[in-house]
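Q: curious how this folds, go ahead:
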Amino acid sequence: MVKTGGKRIMGLDVGSKRIGIALSDPTGVLALPLKTIAGVQSEDSASILLEIIQREEVGLIVIGLPRSLSGGIGPQALKVMEFVEKIKSMAGLPVKLQDERYSTVAVEKMMRQTGTKKKKRDERRDAEAAAYILQNYMESRRAFGDENNG
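A: Okay, the predicted model is just below:
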């Protein structure tokens with residue numbers, strides 16, 4: 001279990017057009033896909049995120065950082081880092097970055113293997129990727145005994 005003072009952890013997969021959203025269960029063990037919202041730069045997306053943060057009692061936000069295959073920071077990663085600063089000031093919560101390389105590929109493969117139809121895959125991909133990122137974050141914290149540091 002990752003300790004967050006009894007609050008949930010929100011996971012975000014921030015793309016150029018959409019944001020996938022996931023939440024941990026109350027115990028911080030499982031990451032569950034919630035929804036996908038459009039318009040990364042829109043005020044609507046900011047209000048939706050704030051409403052979820054308040055309603056679900058989120059205490060920490062984990063955002064996937066799209067590093068290049070070599071581990072470097074490219075144009076999309078820079079955009080995500082700008083988004084991180086925006087969400088930090090807007091939500092007033094700690095934000096952690098999690099390497100998200102291969103997350104969308106892994107999620108797409110899993111959905112194909114389970115027989116998810118293309119339309120459903122397209123609708124759920126970003127939220128599932130957010131859950132994948134969040135699950136990896138929580139598992140890495142448990143593996144390294146870093147549960148108290150979020």
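Q: now stretch 107-118: how far from the chain's centre is it?
A: 19 Å (CA atoms, centre = their mean, to the nearest Å).
Q: and it, what's buried?
A: For stretch 107-118, burial by neighbour count (16 or more other CB atoms under 10 Å) applies to 107, 111, 116. Quick note: C-beta positions are derived from backbone N, CA and C, even for glycine.
Q: pLDDT score assigned to the first one?
A: This points to Val107. On the pLDDT scale, Val107 is placed at 70.
Q: doesn't it belong to a strand?
A: No: Val107: not assigned to a strand; according to DSSP: H, G, I helix; E, B strand; the rest coil it is helix.
Q: so it sits against Arg125, correct?
A: Yes: applying CB atoms under 8 Å as the test, Val107 and Arg125 come out as touching, 6.1 Å apart.
Q: state the distance from the spatially most distant residue from the centre of the chain to Arg124.
A: No residue in the chain sits farther from the centre than Gly115, which is 23.9 Å out by CA atoms, centre = their mean. Gly115 sits 13 Å away from Arg124, taking CB to CB, to the nearest Å as the criterion.
Q: same question, Gly64
A: 16 Å.
Q: which elements pack onto the helix or strand where Asp13 lies?
A: Here Asp13 sits within strand 8-14, counting by DSSP states H and E. Where contact means 3 or more CB pairs under 8 Å, 6 or more residues apart in numbering; DSSP states H and E, strand 8-14 is packed against strand 18-24, helix 43-55, strand 58-65, helix 75-91, helix 118-143.
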